[in-house]
Each structure stands twice: as C-alpha cells, then as structure tokens.
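Chemist: need a 3D model of the following:
(chains A, B and C)
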Amino acid sequence: MHVPKRSRGGLVPLGHSGTRRRLAGSLAALATAAGVLSACGSGGTTTLVWYINPDSGGQAAIAKTCSTSQYTITTQTLPQDANQLRVQLARRLEAHDSGIDLMSIDPPYTAEFANGGLLAPIPQAEQATLKQQSFKGAADAATWNGQLVVYPFWSNTQVLWYRKSFVQKAGLDMNQPVTWAQIIKAASDNGGTVAVQANKYEGYVVWINALVSGAGGSLVQDASAGVDAKVTINSQAGEDAAQVIEDLAHSKAAPPDLSIAQEGQAGSAFGAANGAFMVNWTYIWHNYDTTQPDVAKDIGYTMYPETVQGQPARPPYGGIGIGVSSYSKHIADAQQAAACLVAPKQQAAQAAITGNMPASPAGYQDPAIQKLFPADLIKLFEDSVNAAAPRTVTPYWSDISGAIQSTWHPPTSVSSSTPSASATFIHDVLTGKKLL
Amino acid sequence: MRQKTGVGTWIGFVVILVWCLLPVAWIVSLSFKSLAETTTGSPHFLPQDFTWDNYKVLLGMTSDKSTSHDFLASLRNSFGISIVATILAVMIATLAAYAIARLEFRGKRLVLSLALAIAMFPVVSLVGPLFDMWRTFHLFNTWPGLIIPYMTFTLPLAIWTLSAFFREIPWEMEQAAQVDGATSWQAFRKVIVPLAAPGVFTAAILTFFFAWNEFVLALSLTSTTTTRTVPAQMSFFVGPDPFNPPYVQLATASVIVTIPVIVIVLLFQRRIVAGLTSGAVKG
Amino acid sequence: MTATTIPRDQTKAAPAAASDRSVAENRLGQKLVAPALILMVLVTAYPMLQALYLSLFRYRLTTPDDKAFVGLGNYGVILTDSLFWKDTLNTVLIMLITVAVELVIGFAFAMVMHRIIFARGVMRTAILIPYGIITVVSAFAWQFTFSINNGWVNGTFGWLPGISSTTNWYGDHWHAMFAIMVSEIWKTTPFMALLLLAGLSQISEDMLEAAKVDGATAAQRLFKVIIPNMRAAIMVAVLFRALDAFRIFDNIFIMTKGAQNTESSSFLTYRQAIEQFQLGMGSALSVLLFLTVLLLAYLIVKLFRVDLAQARGE
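Modeler: Below is the predicted model:
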C-alpha cells in the first residue's frame, strides 16, 4: 500500500514550480507518515516480503497461515522462467535491497546465491531438523559447501505419462521399465508422439541432465572447484543421451513443436489426438480434469524412461527452496517464518492447491496429499524423488546450463559430436574465452 | 484512365486497411477466447466460445486478484511515468528548440550534434552502465529511474519537431513585441508560446508514444510492480497454470494497452502525421 | 540536422545595436538549451564514458572480488567470437531485408494515400495504429499469429507449398527470422509510408503532367520523374529506419528469446550486461554497438550523399 506513495514521493526533485514543490512536499510528508505507520502500525507487527515463483495460490495461502502476531508474510510474484527468476532476485540482492526477506529459489541457482553471500546462514540446529525431515535429494540440492543454505520446501520430479489407450494399441508392457528407444519406436510405429521439454530454456537441460545421469554419467564434477570444475558431459553417457535426443528429433514421434516445447506445450501435445507419451512434472495429473476429461481418464504413469536398457533411470529433480536474504532487516523473524512455511503440514497444504509435491516424507503422508493422488502414483513420485539426479550444485550453473542450451539446441542439430562440442564450449565460457 | 486509377486506389485502400488492422483484429479476437480453448489449441481466427472472462480477470472483477493487481499497477506506472516524462521532456525541449530556431549562441552545434547522436543511440548500450549508475544513486527500480532516461531519449525528437514548428511561426510578431519594449523572454512567453502550442502538443504526443512503448529500459531498470510498466510486465505474465503462458490474457492486456493509442490516434491523427513528417521532410 | 542550425532569417538588426543584443542573445540561448544539454550529457555521455572504462575490466556483478584490469582483452574476446559475428550478421540481414521491403511497400502505400480523395481520415488513422502500437504488443500479436497450436497462418496458408498445419515457425532459423521480420515490417512500414508521402506531395503535378504530355509511360514517370525527385525523402526514410532496425530487440525478446540463432546485437549486449551480470564484457559490447551505429550512420550519409539540410527543404 505504501509503496506507490513512496514512488510518487520520489518525483520530488523533478518538480519545478512552487505549487508543485508544495504538492510534492505534502506527498513526501504523506509517504513518511505512511512509512511510520507501517513500521509501528497494527501493534508493532513486521511485514515480511516473500518473493515467490508463480503458482496457483499455494504459497500465498500458507503465507497467511504462517503469519503471526509478530509479523505478517506478504507475497510478491517473480517471473515464471527459472533463469528470469534468478536474474530478478540476484539483481535486487546485489543492490543490497532490504525489500526482500524471503524468496523461493530454484535448486540449480542455490549455490550461486549462497556463494555470493546473498543468503543468511541457517542456524545449525535448524539445519539438522531440516536435513532429517527432507528427502535426501531435496537436502542435497539445498546444500552448498557442506551447509544447508535454503529451506527445502517442495520437491518436484518427472515421471513417464502415457495414454492407456495408446499403449494398449501399441502392445507395450508398461509394467516393465521402458527405455527411451522403446517408447520412441512404439510412438512412431503407431502414429503417436513423445512429448518432452526441448525449448531453448532451463527445462531442456533438465531433460539432458536426466538422460546423461540415466546413462551413469554427469554434466560436471568437482563443482566446488568453481570455474575449474571438471566438465564430464563429453563421455559415453553424454553420447548415449545425445543418441536419444537425435533419435526423437528425427523420428515421426517428435511433436511438430518439439524445439519450442516447454511443460505447457508438451501437455498440449499429450492431450492431442495423437498424444502417446510424455515426461512431465507431477502437476500434470490434474491438468486435463476440466478441459479434457476424457484425456484425464486415459492417463497412465510409470517410472521415467531408461537411457540405457537395464540401467535404472534417474528422473529429473526440481522444486523450490526458501532462502532468507542476508540483506533483510528482519532475519530472525524471516528464519522463524521460513521454518513454519516448510513444515511438512504447510508443504502438504500448498501441494493440495498447486500439485507441487512436498520435499519431505512426512509431507507425503498428509491426508491432503493422499486425497490428491492415487496411492500408487504417490509411491511413484516418492520413488522418483529418491532416484532423482539433481543438477550439479555449482555457483556457475547458469553459465553451464546456458552453454549446454547453446550447443544442444535445436534438438534436430544434436549428433554424436554434440557432447564433445558442448564440453569445449562450457570450458571456454567458464574461463571467459567465449561469449555465451 | 481516371477510372482505372480509381479502381487501383480502391484496392490499395482496402489492402492498407487490412494490413494495418488485421493483427489488431487478431489480438482482439484472441482476447475473447477462453483459456481452455488456447490450452488445447485453437487455430481459428475467431473464438469458438466467446467470453469476457479475460477482461474480468485483468480488471479485477473476479476472485483472482493477483493478475489484475499486477496488471493494473503496471498500467498506473505506465501512465504516470509516460505522462511525467512527456511533460518534462516537452518543457525542456521547448526551451531548447526556441533557442535553436531563433537565437544565435555558442554551443548550438554541440547541442545539435548531441541530439543527433542520441536520436541514433542504441538504447541497449546504455542499459548496463545505467543499471550500475542507478544502483549507486538509488534510482534503480524507481519512477525517476525510468523518467530521466525517457526524457533524454525523447528530447532529440521533441527538439527536432518543435524547432521545425517554430520556424513556421511569424516571428515578426515577436520582433514587434520587442520593439514595443518587451524583453526577449517576455516576447517568448507572451507571443510565441500561444502560437507554438499546437507544435508543442504534437511533440508531446510523439514523446508519449515513445515512453508508452519503451521496453528495454523498463525491463532492466525495474524489478517490482511498483515501477514496472506494461510492456515489461507483459513479459512477466503468468496465468493460472504456471507452466503455460496465458496467451489469451496476454492478448487481453495487449488490447487494453492499445486502447489509449487508438484514442490518441483517432483524435490527433492529423497532428501526428504533421509532427512525424515535419521533422524529416518539410511538406 | 547540424546543417539546419542557421535560422533562415538571420537577424537583420543594425550592426551598431547588435553587440549588446547578441551578448544577451548568446546568454539566453545558452540558458535555454542548458537543461536539455545537461540531461543529455548526464544520461548518455557520462554512462558511455563509464562503459568505456568498465569495458577494460573483467567484472562480474556476482563475483565482485574477481574484478581485474584486462585492457582491451574483452574486445579481443568479442571480436574473435563466432557468436558476436553471427549476431551481427543477423542484425545486418534483418536491417537490409526489412528496410528494402518496407521501402517498396511503403512507397506503394504512399502512392495510394497520395491519390486517395475519400476517407483520408480513416486511412490516416489506420496507418497510424501500427506506428503507435507498443512493439511488445505487436510482437505478441505476430507470435500468436505464427503459433503452431494457436495461430491462423498455418490454417490459412496451408495450401502454399512448404506450409502445413504442422509448420513450426519458431523451429528453425529461417522460419523464425521470417516471423520476426514480418512483425518488424508490419510495425514500421507506416512510418516509412508517411515519410515517403511527404516527399511525394512535394512533386509538382505540373511536372507529372508535362511528362505525360511528352508521352512518358507510367513506369517512365515513376522512375524518371517521381523517384529522382523524392530522392531526399527516400534517403532520410532509409537512414531513420536502418538505424532503427539495427537496434531491433523487443520483437526478438518476445518471439524467440534469441533461440534458433535469431539473436541480434542489441539482444547479445542485453544478455551479457543484464542477464549474466557481466558488466565488463557487457560494457565492451555496448561500446562496440554504439560505434557500429555511428559507423552505419556515417556510411549511409556518405554512401547516399544524404544532405539532411536539403532533405528538410531548407
């Protein structure tokens, strides 16, 4: 409420005429009065501002629940795109902006924020509680230099969604683990599509990371070495991953919008008449309930596909951790608030609204979750989170990810030489020899 | 012969109308489609089931207040910032244009070369340094942080347009006033200002268009809804489904922000054309 | 513009009285331009100098301790980088193609507007809408137009070879470039048309009548009379639009985000400075971009011998 007033007050120096100066003066007085009011108004409560990634109201709801007589938590929405979200937050924090108390951070950027000193350290006792409460994958993704730096809030993972009617037609046994090669072949032989995320954005790297990890490899190792981290995408696993992408991109099973597909486009492709397979996050289960109820009834699910036959898949890991800004004026309050927000009960409460799954086994046990998904799907989610391969935790993730996007996009350009080309490029970008 | 030309002109007329209005008609049509329709894919030009829902959501007439809150805030910012920038830029430009059209003084060449350089300036190349400066001066993410560069970048156009208009003014009247004992300043204020008003108005419209349109700076020098203008806010639009861009709401927002443009164009088309062309080619 | 500085009616006051007046005039003139001058220097010249300084450093906002003087190192990296040249080539291509197409369409529009005797107001309003509309809005409109699931292009032009209901306009370089250029051309042709119309209206009807009497065909009249007489107007229009097109950013940001190698020079600079916090490298790119635009302006002015003063009919 006070903020627009403040900005109008900010125009003061530009005023020229006497009346204007008087007007500006009174505006400034108003703004000051409002500021004073906000500081000590309504019985001395503090306002904590929580910058959230966009969702359908889950975070706003628990912000209300976790507000106390001591402080009120309000939310501000960040951009949807993971990288844009990072840019917005980092830009404000680098400006030492005290207007951010709490923020929802995507796991791959946690390290960058922590390394830059933008996150207030979490008290050791609280760290122990959080580590104990959270899934191991969630805790790992929130850890930098041996310290838990954000509060694991919700964890996301992908499973393989399929149209029951299609696999029946194709005669594919979905009770066995399937490989990418199998589903691509089944789809192209039977006039179906395999929907993935392959636009030039973070989601494409999520896919690539899952493919490489599924073949037993990794993108980068020794991340704590920073710029000198070892780039390991140039490996047999990298080539196996490239093979899958190349196969799909050149197959009839590729949706026409493959190279621009994000989660939403993949969802549309899967819902189309020739939709067959899709890898996507947990939220998709309820995606078709109102718009395409017949599709909703036709959805089946199983473990993420294997990159290499016989080697267990490593599904993507996503989610959100809550960070407390080190430039906040109310760090202690914000830490208390964060602890409340990530309590399993609140994790489940927001999941019931958004479909974004809790980051803790206890959250999964909550009745709200049990009502939301069938029991075997919840089990699948839990198995997937436990098997998931988080993206490398490194302060240079945005460079690494950007370099991979540049070299692996569009999917039709991927070949067996792509992994080595991207390894060279990542190295050049990290050492400042090439522009990204 | 004459009739043939007439037919050609008629066809040309229709072609121009279609060219100019088709994309506008398209976003208007999109804004009446339902979110569900575009989620499942709707390659039709016209909506299959016509709905006012998007307008209701954006204007805050539903229970979902977050979209409308952010959008209306950006609309306020856009109006406020554009209007303040326009008024200040035109005031400053009027003074400068008068001096350039009428007076001999040292440094005129400097002003003109600088204005020309700024008219050609790639705004993006200022984004980095300005971001850094604004952080130091605490102007990052404030209204003045946008108003100041907007004024600067519209000054050349405003000075240009205004000095072209000022040359058309019968200056004998000013000289007559000066003979009658008025100082240069009085002659300027009492005689020239009223005559120059139409030119000033035209410059104001063009300046407003620029500020209303500007994207790069709005995107880079703001970070919250207290300052973000509509063009920047539109690239942050999020629908009810966090992974699917809300096409129809974007289209609706597009229609809403285009309404002021159309109103201005309808009311002042003659002036805008005069202003645009007077600067470049004297007609 | 520089050449237009001298007022047409140089003051005719008697030399004796002039000196006092001219001192006052000098002072008043300087006072009147001072605010504009200060603002312009403060907001452009100063940051540009700062950019020049920062461009000599390795300086990333997220790792401030790592700041180090690298001399012209950033420029070296940029000028030997394939991405920089790819983006420059894209930008030049967009500039050349859009300006050429706009010139042709804009000229046709100007001819129609010049001849039309009815509904001039309607026409003027229509043509000003693309000009006035927010570029971001226009980019969205065209993005949706070419969208594979929600656009009308594939359905409407499906009968053309190479277009089907599954044509992905953002799926490869040339299709995406085409979509971006269409949006740019749509938005800016009206401006071109209006400038050309102004030039067209300066051609005297008598001259055209005389040519007709002499038996010149319509084509001859167009190429021998109309275009040569509009040369100045055409050149000014080209200069303005070329410099404008070279700075293309908004459409690309909205339509492709630079994917499919559709990035422009402006976009590259923005990403380095703002998204990657590379203040040093971003500054170097800013300086290069500015120099390129200056060079471009110089080339156009020299190449076409545009005399701005003459163009303004002074």
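Chemist: so the residue in the stretch 101-250 of chain C that chain A sits nearest to is in which element?
Modeler: Closest contact between the stretch 101-250 of chain C and chain A, by CB to the nearest CB, is at C:T166 (3.7 Å). (C-beta placed from N, C-alpha, C; glycine too.) Here C:T166, judged by DSSP states H and E, is contained in no helix and no strand.
Chemist: ok, the one 3 residues further on next?
Modeler: C:W169 is part of no helix or strand when elements are defined by DSSP H and E.
Chemist: then A:T47?
Modeler: Going by DSSP H and E, A:T47 is in strand A:46-52.
Chemist: how about that strand: buried residues?
Modeler: By 16 or more other CB atoms under 10 Å in any protein chain shown, the buried positions in strand A:46-52 come out as A:46-52.
Chemist: show me what it is packed up against.
Modeler: Where contact means 3 or more CB pairs under 8 Å, 6 or more residues apart in numbering or on different chains; DSSP states H and E, strand A:46-52 is packed against helix A:58-66, strand A:71-77, strand A:102-105, helix A:331-341.
Chemist: chain center to it: distance?
Modeler: 20 Å (CA atoms, centre = their mean, to the nearest Å).
Chemist: what are the pairing partners of it, and which direction each?
Modeler: Using DSSP bridges, the strands paired with strand A:46-52 in its sheet are strand A:71-77 (parallel), strand A:102-105 (parallel).
Chemist: and the contacts of that strand?
Modeler: A:38, A:59-60, A:63, A:70-78, A:88-89, A:99-104, A:322, A:328, A:330, A:333-334, A:337, A:341 (CB atoms under 8 Å, 6 or more residues apart in numbering or on different chains).
Chemist: returning to that earlier point: now do the nearest residue to the residue of the stretch 101-250 of chain C closest to chain A once chain neighbours are set aside against C:H173, distance only.
Modeler: Spatial nearest neighbour of C:T166, excluding adjacent residues (CB to CB, 6 or more residues apart in numbering or on different chains): A:P256 at 3.7 Å. Separation of A:P256 from C:H173 (CB to CB, to the nearest Å): 17 Å.
Chemist: more neighbours, the two?
Modeler: For the pair A:P256 and C:H173, the greater number of neighbours falls to A:P256 (18 against 14), based on other CB atoms under 10 Å in any protein chain shown.
Chemist: closest point of the stretch 51-200 of chain C to chain B, which residue?
Modeler: C:V112 (3.3 Å).
Chemist: do I have it right that B:R102 meets B:W171?
Modeler: Yes: using CB atoms under 8 Å, B:R102 is in contact with B:W171, at 7.0 Å.
Chemist: ok, the two, which is more surrounded?
Modeler: Remark: of B:R102 and B:W171, B:R102 carries more neighbours, 24 against 20, as counted by other CB under 10 Å.
Chemist: what does the stretch 201-350 of chain A put close to chain B?
Modeler: Contacts of the stretch 201-350 of chain A with chain B, taken as CB under 8 Å from any CB of the partner chain, map to A:262-264, A:267-268, A:271-272, A:281, A:283, A:287, A:290-292.
Chemist: which stretches of the chain have low pLDDT?
Modeler: As the question left the chain open, I've gone with chain A. Within chain A, the stretches with pLDDT under 70 are A:1-44, A:224-226.
Chemist: my question was about chain C
Modeler: C:1-18, C:304-314.
Chemist: go again with 50.
Modeler: The model of chain C has pLDDT under 50 over residues C:1-14, C:309-314.
Chemist: residue nearest the centroid of it?
Modeler: Closest residue to the average C-alpha location of chain C: C:D244 at 1.3 Å, with CA atoms, centre = their mean.
Chemist: can you name the element that comes right after the strand or helix carrying that one?
Modeler: Counting by DSSP H and E, the element that carries C:D244 is helix C:231-246. Counting by DSSP H and E, the next helix or strand C-terminal to helix C:231-246 is helix C:250-255.
Chemist: show me what that following helix is packed against.
Modeler: helix C:135-146, helix C:173-200, helix C:265-270.
Chemist: can you list the ones you listed in CSV and add distance to chain A?
Modeler: Output for these, formatted as CSV (distance: least, CB to the nearest CB, whole Å):
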stretch, distance to chain A
helix C:135-146, 10
helix C:173-200, 9
helix C:265-270, 7
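Chemist: can you lay out the ones you listed as a markdown table showing distance to C:I252?
Modeler: Putting the helices and strands packed on helix C:250-255 into a markdown table (distance: least, CB to CB, whole Å) gives the following:
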| stretch | distance to C:I252 |
| --- | --- |
| helix C:135-146 | 8 |
| helix C:173-200 | 6 |
| helix C:265-270 | 5 |
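Chemist: ok, which of those helices comes nearest A:G171?
Modeler: Nearest of these to A:G171, taken as CB to CB: helix C:173-200 at 36.9 Å.
Chemist: what residues of that closest one count as buried?
Modeler: C:175-177, C:179-200.
Chemist: give me the number of residues near C:M281?
Modeler: A total of 29 residues lie near C:M281 under the criterion other CB under 10 Å.
Chemist: now the one helix or strand it maps to and helix C:231-246, what's the angle there?
Modeler: Counting by DSSP H and E, the element that carries C:M281 is helix C:279-303. Going by axes from the mean of the first three to the mean of the last three CA atoms, to 10 degrees, helix C:279-303 is angled at 170 degrees with respect to helix C:231-246.
Chemist: list the buried residues of helix C:279-303.
Modeler: Buried residues in helix C:279-303 (16+ other CB under 10 Å): C:279-290, C:292-293, C:296-297, C:300.
Chemist: can you narrow the residues you listed down to the ones near chain B?
Modeler: C:279, C:282-283, C:285-287, C:289-290, C:293, C:297.
Chemist: over to A:A273: give its phi and psi.
Modeler: Backbone torsions of A:A273, given as degrees, to the nearest 10, read phi -60, psi -40.
Chemist: repeat for C:F69
Modeler: Torsion angles, degrees, to the nearest 10, at C:F69: phi -70, psi 130.
Chemist: from C:G282, how far out is it?
Modeler: Counting by CB to CB, the gap from C:F69 to C:G282 is 17 Å.
Chemist: now swap in A:A60 and tell me
Modeler: 35 Å.
Chemist: mind checking the SS state of the nearest residue to B:G41 once chain neighbours are set aside?
Modeler: In space, and not counting its chain neighbours, B:G41 is closest to C:N149: 3.8 Å by CB to CB, 6+ apart. State at C:N149, reduced to three classes by DSSP: H, G, I helix; E, B strand; the rest coil: coil.
Chemist: ok, now which ones touch C:V92?
Modeler: C:F246.
Chemist: secondary structure element for it?
Modeler: Counting by DSSP H and E, C:V92 is found in helix C:82-115.
Chemist: C:F109 touches C:R124, doesn't it?
Modeler: No: look at C:F109 against C:R124 with CB under 8 Å: they stay out of range, at 11.5 Å.
Chemist: the more surrounded of the two?
Modeler: Neighbours were counted for C:F109 and for C:R124 using other CB under 10 Å; C:F109 has more, 25 against 19.
Chemist: so which bits of chain B are right by chain A?
Modeler: Near chain A, when you scan chain B using CB under 8 Å from any CB, you find B:36, B:39-41, B:66, B:70, B:73, B:76, B:80, B:84, B:88, B:91, B:131, B:135, B:140-144, B:147, B:223-227, B:235-236, B:238, B:240-245.
Chemist: show me what counts as buried in the longest strand seen in chain A.
Modeler: In chain A, with assignment by DSSP state E, the single longest strand is strand A:151-163. Residues of strand A:151-163 classed as buried: A:151-163 (neighbour count, 16+ other CB under 10 Å).
Chemist: tell me which of those is nearest to A:T394?
Modeler: The closest of the buried residues of strand A:151-163, once distances to A:T394 are taken by CB to CB, is A:P152, at 18.3 Å.
Chemist: got the contact list for the closest one?
Modeler: A:P152 neighbours (CB under 8 Å, 6+ apart): A:130, A:134-135, A:138-139, A:141-142, A:319, A:321, A:342, A:359-360.
Chemist: could you rerun that using 10 Å?
Modeler: By CB atoms under 10 Å, 6 or more residues apart in numbering or on different chains, A:P152 lies in contact with A:107, A:130-131, A:133-135, A:137-143, A:319-322, A:342, A:347, A:358-360.
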